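# mind folding the following:
(4 chains)
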Amino acid sequence: MTELKNLVKSLLEEGKVTKVIGYRMYGENNTKPYIAVTPNDAEEMVLNTDCRNNLSVYLTKKEIINGGKTGIVAKGCDIRNIIALIQENRIKEEDILIISAECKGVGAEKGSAVYANKCVNCSVKTPHLYHELVEMKGSELSQPKDKYTEAKEKVLAMNSGERFEYFSNMFSECIKCYACRQACPMCYCEQCIADMSIPRWIESSATDRGNLSWNMIRAFHLSGRCTGCNECERACPAEIPLSFINKLMYDTAKEEFNYESGMNKETPTLIGSYNTKDNDNFIQ
Amino acid sequence: MQTEKKTVNQFEPKVIAFVCNWCTYTGADLAGTSRIKYQPNVKLIKLPCTGRIDPVFIIKAFEKGADGVLVSGCHPGDCHYNAGNYHARRRWIMFRKMLETMGIDSNRLHFSWVSASEGKKFTEVVNDLINKVRAAGPFKSYEKINKEYVIND
Amino acid sequence: MKIGYYPGCSLTGTAKEYDKSVRKTAEVLGIELIEIDDWNCCGATSAHITSHRLALSLSARNLLLASKQGLKEILAPCAACYSRLSLSAEELIKKPDAKKEIEELLGEEILEIPKIINLVQLYQRVGAEKMIEKKGTGNAKLKTACYYGCLLVRPSGLNSFDDSEEPQSMEKIVTICGAEPIDWNYKTECCGAAHSIARKDIVVDLSHKILTDAKTRKADIVITACPMCHTNLDMRQKDIKKKFDKHEKIPVLYLSEFVGLSMGLTKEELGIDLHFVPFESKTV
Amino acid sequence: MKVGVFICHCGENIGRTVDCPKVAEAAGKLPGVVHSVDYKYMCSDPGQNLIKQAIKEKELDAVVVGSCSPHMHEKTFRKAVEGAGINPFLCEIANIREHCSWVHENKDEGTDKSIDLIRYAVEKVKRNEPLTTIRVPITKRAMVIGGGISGIQASLDIANAGYEVVLVEKEPSIGGHMSQLSETFPTLDCSQCILTPRMVEVYQHPKIKLMSFSEVEKVEGFIGNFKVTVRKKARFVDDEKCTGCGDCIQNCPIKKKALSEFDENLTTRTAIYVPFPQAVPNIPVIDSEICTYFKNGKCSMCVKVCGRGAIDFEQKDKLIEEEVGAIIVATGFKLYSIEKKPEDSPIKGYGEYGYGKYKDVIDGLQFERIASASGPTEGEFLRPSDNTVPKKIVFIQCVGSRDEAKGFSYCSKICCMYTAKHAMLYKHKVHDGEAYVFYMDIRAGGKMYEEFVRRAIEEDDVKYIRGRVSKIYEENGKYMVKGEDTIAGVPVTIDADMVVLATAMIPQPESKKLAQTIGIPYDSYGFFNEVHPKLRPVESSTGGVFLAGACQSPRDIPESVSMASAAASKALVLFGSDFLEREPIVAKVNENICAGCFYCKKVCPYNAIEIKEIPSKNGKPVRVVAYVNEGLCQGCGTCNATCPSKSVELTGYTDAQIFAEISAI
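Numbering: from 1, shown residues only, chains lettered A, B, ... in the order given. As a prediction, the model looks like this:
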């Protein structure tokens, strides 16, 4: 197995890629995204249990994708987004080179001893689409508390009025900064419908009503597409647990259609295909 | 059927129905030509196909004060555009689950297949929804988050 | 398995052996019959031709008692009882006004209306097929005419367990028991029914036709699941012989007796020795 | 934008439960409305003039008409506003009749709801944009599916008008059920004698391309521009080389393994066969299920005797694409066979009639074959079991028809007439025979029909018994038909030698599948639906697809032929113009904001979305966006609803219009 730095260096030297999107250290127990363009830049490259970011979000940027073949350091979970982007014609497989590793899971946050929530029940620790394999550094982490199941049970125990109250309260914290959107690799529209004014789909100011609509529409537009990377939740300055509704849609897709996004680039997308035998029992 | 005599100030629900042109709208026409009576609280919005119904319309309808929403189109296999209703159904499955979890009572949102020959069924579906919404009362939850803001769009 | 049991008047008198054999076979099949406490007339014959309300309330009282005993299903071996109870149950379900009226009469509300089944359905259902097959010894190759009479499978639409004009369910049970059902023409014709006593002349004529067709088609025995049919076909053979000199006697068994023989039960245990026309089995 | 509102009373139809002047008054106060009136009949000439005048005088930009369903008069009013110089798509209809006055009883409620409906329409029309009608060229060529009498008639009519026709028939020969019949009511002329000349005419017509033993596999496109894929099933006989001499058939050693479909299973046929001597085309087919060659490769007798070398065991099914502008569906019916009762059969009973058990209990088509001079008995009345002349025949009508409990609710329509014909034909040949008919009612509406039935009863002494038959059983070599004479009020039993059941007419078993392939609606039985039962009886709701004959509901020959000619004339009307004007309801892409995810392409049922490259200034493609082919787009709007960024919109139903309607609540 090649060492990451050597690999990136030789890829850039040989001109196999024009740049490599990866991570560099950012203080102790923390990393930040980093793009290596020259062979010397490779020295900074790391891959460890502090590499929390999902770098596939950069792949939809025109400046990146139009500038020659791109190398990207991606964990199994990030690869799911890359696959989803291939399914949606955002990127072509031949335009990218995936550098991956057997994943140890990433820490929930800086200095944390437990996994991030997204690592719980991860099925892609062994990467499922890659071109080069390296080693992931870092110490073993322990299992975090399963917040999702807990929250789900809590919500399911409520009646509809209580649920509405619960969610509208939750989203009332939203300040419409759209950081969730920016952090999401699947939110790549040229112009989001949240920004559309004629007609106005979503109220632009951060009202309770507009917040609720925005979060519903966001979750719906991601249904069957979200891979559960939780970057939205990490980016949210209001600390809204956005992953809950995402995960709910994810589970629904799995239960209803046995569909998991980002697993196989040949599978037709969930929305965009249909089966004549899809569930009919809720329709009168 | 018409309900019993109305008392003053009784809550009259507002129901918006998103229907396809070929089946349900025509089914509603048939209910008319057959003179089958039903409650007047429903307003139909005609679209070419259930495939055209963006789930966001449903959110919009509730935002604008609808107490109930009906979505209706051609039976599977009968779509005038071959597959519009299949695509629609897939979206509904996902969308419905989300709304249900987020507290939009399933009594307020009905889905149905009503063909052009099912005038009677149309009236039954509409009455059923109106009765359920009437029983559930005004959509207070939405009114609450609605009232402070008057947004021009 | 437990199931409610409504014997009805015949099974305590003229059709004692029917009661005996039903209970016996149920025991072998591991079915516990729970008799409805304090049951009354089902409302047949004189009641339902004079007052519909009377007939309905008589049946309804039985249903009420059964539901209070927690019985979800009632076995009514007599075809007339089965017919009355089923029709009443249907009416109570379909006409809430009628139900209200009867409940006022009974002074109590019928919370759950039990389902009524007949003996054929019971044997068809409880996996009896297998049990009969396993233990079965007797009846081998007996040519059997299955006689349904008028009430067991009619009116069509009430009970969909068999075709009302061309029933086949008893034939299937008979086949499982190792005998040969014959194809004949009088399986749903009238035997004279309630004219049993008052208009013997009618019964003699009608029953003679039925038995003659069975004989012509080489039947060894006739089987039935109705006490009144049995009375007419068995008891009146002496009078038939008197009027129609050529008549050859043919034994008439209850379905339960027939099944019982297959299970290896003796004629005495099943009460076959009580019949007017003696039955000499080939094998038992 | 200045909007005018016009409220129609529709005589009393709307006015009875809607206070039209009040609605007009309320509408006048809506924002944007500058003129609002009501009138007795808005669709009448004076009504339309009222609209035109107002447009000119009040300088209206858009119009809302509160009237009947847009399916009724939208075109009328759009044409009217166009006449006054407004773009027709700036006219919206508020349906205050079908959706309001006819379904609500309370006048206050009706009035309030009408005002609401008008408000919706006003809000929508304010956001309407002028659209231009799309013109699409028409392929002046028709396809007729089904080669029975309806399909033959339609094909000949269109071909004789000078247009090409592709006639697709799934059986090896055209002719359909009519070719099986003996004589036809009410004239008793020989069915084949009047049909076969037409079959030959079809075969020889230079404008008709006959595709027998073929089935429609796929239909793409739309009115004026269909592309139909036809599966030409392998005959294993080269139709170019075969002369129809019949040597192969005479020499085929497999004689008794298959029952003759044409003779309704009363006779057998060879493995290589033509269904009947007058078949068109007269080219045999090999039944590969029973042919020895296909079993073990051992027999090649047909190859040996064929002087032309036409036998081709290697022949495969061929898929052929045909471009046509109109499709006529004439797939006919099937007679319900109570013997073969599949699990999902809609018929629940009739086992008591013994069909399939008793050889001499037959259905109407079998009787036709026995009565036919070309049939198994060469027209002599002999019963199937023992070839003796039946002296007493019982005919039973409505077996499966008009019987909700056991069969279908509908009347099969032709049975009263053909039963009378059967009884008559029998009596004409077997003078000492007795014919009984069990009937529910005699439905003999039609020219010379009632007279025909009376003749059967009065002149030919056919005994009609009003009542149903409860069972048929065999006794002493007779079929005992037990029934009730409801007029005399007595049970009757007739000891018959033969029984003929007039079983129900049902759609072809594959009719629903075909309807879904073509995209036309069908009823719960599987009969195809017309747009309007009275005024548009031969048109399906899919443009360019027309219906003829018994595929639409039970029909007799005269009706089938009339329908076929009507359907043909509908196709010819279409071919009368070079272009088809289509509503401009199509999807349009906003290329500036399209992200190119192509979810629209995935959901489009018409493959109307293409990929378009947007180049940069130096000509290098920088991004791809969706592009709508307007010729293919049918305007369903599924792309619009699916697009996450709303970069594709359906004209006429834009999001802005729909939001306006929602907001008007």
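
# please make it C-alpha for all contacts and neighbour counts, starting now.
Noted.

# show me the helices in the stretch 51-200 of chain D, by range?
Under the criterion DSSP state H, counting those that start in this stretch, the stretch 51-200 of chain D carries helices at the ranges D:70-83, D:107-125, D:149-160, D:191-204.

# for the residue in the stretch 101-250 of chain D positioned nearest to chain B, grab the count of nearby residues.
Closest to chain B within the stretch 101-250 of chain D is D:Val103: 4.3 Å, counting by Cα to the nearest Cα. Counted with other Cα atoms under 10 Å in any protein chain shown, the burial measure for D:Val103 works out to 27 neighbours.

# over to the one 3 residues further on?
Residues contacting D:Asn106 under the criterion other Cα under 10 Å number 14.

# find the nearest non-adjacent residue to it, please.
Once its chain neighbours are removed from consideration, D:Asn106 has its nearest residue in D:Thr17; the separation is 6.6 Å (Cα to Cα, 6 or more residues apart in numbering or on different chains).

# tell me if stretch A:174-194 is near chain B.
No: applying Cα under 8 Å from any Cα of the partner chain, one finds stretch A:174-194 out of contact with chain B, separated by at least 10.9 Å.

# check the offset of that stretch from the chain's centre.
Computed by Cα atoms, centre = their mean, to the nearest Å, the separation of stretch A:174-194 from the middle of its chain amounts to 13 Å.

# name the residues of that stretch that are buried.
Residues A:174-176, A:179-181, A:183-189, A:191-194 are the ones in stretch A:174-194 that count as buried (16 or more other Cα atoms under 10 Å in any protein chain shown).

# what's the answer for stretch D:573-580, then?
Within stretch D:573-580, the residues scored as buried using 16+ other Cα under 10 Å are D:574-575, D:580.

# just stretch D:30-50 next, same as before
Neighbour counts using 16+ other Cα under 10 Å place D:30, D:32-43, D:47-50 of stretch D:30-50 among the buried residues.

# around chain C, pick out the residues from chain A.
Applying the criterion Cα under 8 Å from any Cα, no portion of chain A neighbours chain C.

# show me where chain A has strands.
Across chain A, reading from the start of the chain, the strands by DSSP state E fall at A:19-25, A:31-36, A:45-46, A:70-73, A:96-101, A:132-134.

# before we move on, back to that, which of the buried residues of stretch A:174-194 fall in helices?
The subset of the buried residues of stretch A:174-194 located in helices under the criterion DSSP state H comprises A:179-181, A:183.

# among the helices and strands of chain A, which one scores worst on average pLDDT?
Within chain A, confidence by mean pLDDT, DSSP states H and E is lowest for helix A:62-65 among all helices and strands, at a mean of 82.

# please identify the buried residues of that one?
By neighbour count, and taking 16+ other Cα under 10 Å as the criterion, the buried residues in helix A:62-65 are A:64-65.

# one more: stretch C:50-70?
Judged by neighbour count (16+ other Cα under 10 Å), stretch C:50-70 contains these buried residues: C:55-68.

# tell me which residue in the stretch 51-200 of chain C sits closest to chain D.
Checked against chain D (Cα to the nearest Cα), the nearest residue in the stretch 51-200 of chain C is C:Glu166, 5.3 Å away.

# burial count for that residue?
As a burial measure, the neighbour count of C:Glu166 was computed by other Cα under 10 Å and equals 18.

# what's the closest non-adjacent residue to it?
Once chain neighbours are set aside, the closest to C:Glu166 by Cα to Cα, 6+ apart is D:Glu352, at 5.3 Å.

# just A:Thr38 next, same as before
Using Cα to Cα, 6+ apart and skipping residues adjacent in sequence, the residue nearest A:Thr38 is A:Leu12, 6.4 Å away.

# so where's the stretch 51-200 of chain C shaky on pLDDT?
Residue ranges of the stretch 51-200 of chain C with pLDDT under 70: C:126-140, C:159-160.

# okay, and the residue nearest to D:Asn106 sits in which element?
D:Thr17 is part of no helix or strand, with elements assigned from DSSP states H and E.

# how about it, what does it touch?
Taking Cα atoms under 8 Å, 6 or more residues apart in numbering or on different chains, we find D:Thr17 in contact with D:101-102, D:104-108, D:110-111.

# turn those residues into CSV, columns for distance to A:Lys75.
Formatted as CSV, the contacts of D:Thr17 follow (distance: Cα to Cα, whole Å):
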residue, distance to A:Lys75
D:Ser101, 64
D:Trp102, 64
D:His104, 63
D:Glu105, 67
D:Asn106, 67
D:Lys107, 68
D:Asp108, 66
D:Gly110, 63
D:Thr111, 64
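
# so which of those residues is the most crowded?
Neighbour tally across these (other Cα under 10 Å): the maximum, 32 neighbours, falls on D:Ser101.

# got the contact list for that residue?
If you count contacts by Cα under 8 Å, 6+ apart, D:Ser101 has them with D:13-18, D:110.

# near chain B, which residues of chain A are found?
Looking at chain B, the residues of chain A close enough under Cα under 8 Å from any Cα are A:155-156, A:159-165, A:167-168, A:198-200, A:203, A:207-209, A:213, A:216-217, A:220, A:223, A:245, A:248-249, A:252-253, A:271-276, A:278-280, A:282-284.

# need phi/psi at the residue in the stretch 1-150 of chain C positioned nearest to chain A.
For the stretch 1-150 of chain C, the residue closest to chain A is C:Lys94, as judged by Cα to the nearest Cα, at 22.2 Å. Backbone torsions for C:Lys94, taken as degrees, to the nearest 10, come to phi -80, psi -30.

# centroid residue for chain B?
For chain B, B:Leu70 is the residue whose C-alpha lies nearest the centre (Cα atoms, centre = their mean; 1.3 Å).

# list the contacts of it.
Residues near B:Leu70 by Cα under 8 Å, 6+ apart: B:15-19, B:109-112, B:126, B:129.

# which residues does it bridge with?
With DSSP bridges as the criterion, the beta-bridge partners of B:Leu70 are B:Ala17, B:His110.

# distance of it relative to B:Asn41?
Distance of B:Leu70 to B:Asn41, given as Cα to Cα, to the nearest Å: 12 Å.
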